[in-house]
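Chemist: Build the 3D model from these lines:
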Amino acid sequence: MDSKRGSGGAQEGFARILANTGWLLGGKGVGAVLSLAYLAIVTRTLGVADFGRFALVLSAANVIKTLVSFDSWQIVVRYGQPHLASGNGDALNRVLRFCILIDLGSAVAGGLIAAFIILAFGSLMDLSAGMGWQAWIFCMVMMITIRSSPTGVLRLFDRFDSGAFAETMIPVGRMIGALLAWVLMPNVTGFLIAWSVAELLCAVSYWWLAIRVGGDSLGGWRAGKAMDARTENPGIVGFLTATNLQTTLSSVGQQVAVLVVGLFVGPAGAGLYRLANQLANSLTKISSLLSRSIFVELSRTHGSHGHEALGMLFRRTNRLALIAGAVIIVLILTIGHPLLGLIAGKAFLPGYPLLVLLGISACIDLIGVSYRPLLMATDRATLSLRITLVSTAMLLGMQAALLPLYGTIGAAAANVVASIIGFAMMGLASRRAMSR
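Modeler: You can find the predicted model right below:
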């Protein structure tokens, strides 16, 4: 009987993972297609050098956003579920407002960090005074459009479809903005404005849908103080800290790499690296999408169906990720070169070896996509954080050592080695978690 319940729970969870990932893929699929189009417009309009400057501004903003933002959506999902199940909307609302305060604090901190980076390193990144101001304004737009809290509301209510719709506002906005910039303002400033408007459009969409979906279940917005969530939800601060540090460490290496490449080899090299990295990530978006839906279901399965069902669900998601990773590696090797030339033109074809290496690295991360959500769902967030710290330190250390010797190829090769090390450590930790 227990085995059947475990099997049933795993089957239901796996079905929801596929359904929710399907919704996310639908939105990202639109984004992937449009991203190829607007990348072609940007690269062909700006050229290698100006696209490199544009890429440096985007990377600087993403680095800062990654450093200061929290994965508050995981807080809403994890600590909001008990309140939603018990019908305590006011307590759920306090959790949500607590996360909103954190996002606002992140925006202020991000603005200060952006000002310091631009003042201290703007000349090294070949940014003029005028471009420095534009970069800072763009960074502030990125900060105020942090949308992790409304994302958590939509995932709490299993409305991944609404989240997918809101997410499509970024590629749609960028596509429209890129066309307008191409006609009206074909320079770095024009494309920065287009990207900023797209971020604002996405944030507004997320909040409108979250409030509409949550409705009365979100309780009263003036019921108690937001900081009361700390005492009402034991462990919330520790969980928030661990998830934030882990997300920061796992993401910052990718964005910092573009900045480091720019410092060593200039805007043109940074542009090639950025383009190859973006194309590789476009082919492996399923990794982050699976991770989001897997975390929700592993948490739910662990709490309601027990360890056996959790193991079944974990093994099924592993097999799915392995197949997806193998298929994407084949796609990169077979269509990567012509795709790069078609999108960006012959001037960017030297970036193909970077595309291969960064694509392999991303696929390794995809194959191990279930590991981190499993450790988080089984209360091993600290262990997962330590592993991420080690693999990120390895990545940055190897980039620092290989970049001066081998240029951008060395930086890309460092990603592959770091991904293999992180995969091995996460896999060992996950197997130990499932054996207990």
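
Chemist: Got phi/psi on residue 109?
Modeler: phi -60, psi -40 (degrees, to the nearest 10).

Chemist: Just the pLDDT for it.
Modeler: We have a pLDDT of 86 for residue 109.

Chemist: Measure how buried it is and give me the count.
Modeler: The local packing of residue 109 (other Cβ atoms under 10 Å) involves 15 other residues. For the C-beta atoms, the positions are set from N, CA and C on the backbone; glycine is no exception.

Chemist: residues in contact with it?
Modeler: residue 68 (Cβ atoms under 8 Å, 6 or more residues apart in numbering).

Chemist: May I have stretch 336-350 exported as CSV, CA atoms only?
Modeler: The C-alpha coordinates for stretch 336-350 follow below in CSV (Å, rounded to 0.1, in the frame of the first residue of the first chain):
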residue,chain,number,x,y,z
GLY,A,336,25.7,25.8,-33.9
HIS,A,337,28.1,27.1,-36.6
PRO,A,338,25.5,27.9,-39.3
LEU,A,339,23.2,29.3,-36.7
LEU,A,340,25.9,31.7,-35.4
GLY,A,341,26.6,32.9,-38.9
LEU,A,342,22.9,33.3,-39.8
ILE,A,343,22.2,35.3,-36.6
ALA,A,344,25.2,37.6,-36.2
GLY,A,345,27.0,37.4,-39.5
LYS,A,346,30.5,36.3,-40.5
ALA,A,347,32.2,38.8,-38.1
PHE,A,348,31.0,36.7,-35.2
LEU,A,349,31.9,33.3,-36.5
PRO,A,350,35.2,33.3,-34.4
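
Chemist: List the buried residues of the helix or strand encompassing residue 315.
Modeler: Using DSSP states H and E, the element containing residue 315 is helix 307-344. Of the residues in helix 307-344, 308-314, 316-318, 320-321, 324-325, 328-329, 332, 336, 339-340, 343-344 count as buried by neighbour count, 16 or more other Cβ atoms under 10 Å.

Chemist: Check stretch 102-110 too.
Modeler: Across stretch 102-110, burial judged by 16+ other Cβ under 10 Å covers 102, 103, 106, 107, 110.

Chemist: what about the residue nearest to residue 191 when sequence neighbours are not counted, helix or strand, and which?
Modeler: Excluding its sequence neighbours, the residue lying closest to residue 191 (Cβ to Cβ, 6 or more residues apart in numbering) is residue 181, at 5.0 Å. Residue 181 belongs to helix 169-184 when assigned by DSSP H and E.

Chemist: residues making contact with that helix?
Modeler: Taking Cβ under 8 Å, 6+ apart as the rule, helix 169-184 contacts 30-32, 34-35, 37-38, 41-42, 45, 187, 190-191, 193-195, 197-199, 201-202, 205.

Chemist: One more pass at 6 Å, please.
Modeler: 31, 34-35, 38, 41, 45, 190-191, 194, 197-198, 201-202, 205 (Cβ atoms under 6 Å, 6 or more residues apart in numbering).

Chemist: Now for the residues you listed, which sits with the most neighbours around it?
Modeler: That'd be residue 191 among the contacts of helix 169-184, by other Cβ under 10 Å, with 27 neighbours.

Chemist: quick one: that residue and residue 111, what's the gap?
Modeler: Using Cβ to Cβ, to the nearest Å, one obtains 22 Å as the distance from residue 191 to residue 111.

Chemist: Pick the one among the contacts of helix 169-184 closest to residue 397.
Modeler: Nearest to residue 397 among those: residue 35, at 31.1 Å, using Cβ to Cβ.

Chemist: Look at that closest one and report its pLDDT.
Modeler: pLDDT, residue 35: 78.

Chemist: Adjust the sequence numbering to begin at 45 for everything that follows.
Modeler: All set: I'll call the first residue 45, so the last point we hit is now residue 79.

Chemist: Which helix or strand contains it?
Modeler: Per DSSP H and E, residue 79 falls inside helix 46-112.

Chemist: on contacts alone, who are the packing partners of the next helix or strand after that helix?
Modeler: The first helix or strand that comes after helix 46-112 along the chain, using DSSP H and E, is helix 116-130. The contact analysis (3 or more Cβ pairs under 6 Å, 6 or more residues apart in numbering; DSSP states H and E) places helix 116-130 against helix 133-165, helix 192-200, helix 280-327.

Chemist: Please provide the alpha-carbon coordinates for helix 116-130, formatted as PDB.
Modeler: C-alpha atoms of helix 116-130 as PDB (Å, rounded to 0.1, in the frame of the first residue of the first chain):
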ATOM      1  CA  SER A 116      12.100  35.300  -2.700                       C
ATOM      2  CA  TRP A 117       9.800  33.200  -4.800                       C
ATOM      3  CA  GLN A 118      11.100  30.100  -3.100                       C
ATOM      4  CA  ILE A 119      10.100  31.700   0.300                       C
ATOM      5  CA  VAL A 120       6.600  32.400  -1.000                       C
ATOM      6  CA  VAL A 121       6.200  28.800  -2.200                       C
ATOM      7  CA  ARG A 122       7.800  27.100   0.800                       C
ATOM      8  CA  TYR A 123       6.400  29.100   3.600                       C
ATOM      9  CA  GLY A 124       3.200  30.200   1.900                       C
ATOM     10  CA  GLN A 125       1.900  26.700   1.300                       C
ATOM     11  CA  PRO A 126       0.900  25.900   4.900                       C
ATOM     12  CA  HIS A 127      -0.900  29.300   5.200                       C
ATOM     13  CA  LEU A 128      -2.700  28.700   1.900                       C
ATOM     14  CA  ALA A 129      -3.700  25.200   3.000                       C
ATOM     15  CA  SER A 130      -5.100  26.400   6.300                       C
END
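
Chemist: Contacts for that helix, please.
Modeler: With Cβ under 6 Å, 6+ apart, helix 116-130 has contacts from 135-136, 139, 143, 146, 192-193, 195-196, 199-200, 277, 280, 284, 287, 340.

Chemist: Weed out the non-buried ones from those residues.
Modeler: Counted by 16+ other Cβ under 10 Å, the contacts of helix 116-130 give 135-136, 139, 143, 146, 192-193, 195-196, 199-200, 277, 280, 284, 287, 340 as buried.

Chemist: from these, which is closest to residue 444?
Modeler: Ranked by distance to residue 444 (Cβ to Cβ), the buried ones among the contacts of helix 116-130 are led by residue 287 at 27.1 Å.

Chemist: What residues does that closest one make contact with?
Modeler: Per Cβ under 6 Å, 6+ apart, neighbours of residue 287: 115, 118.
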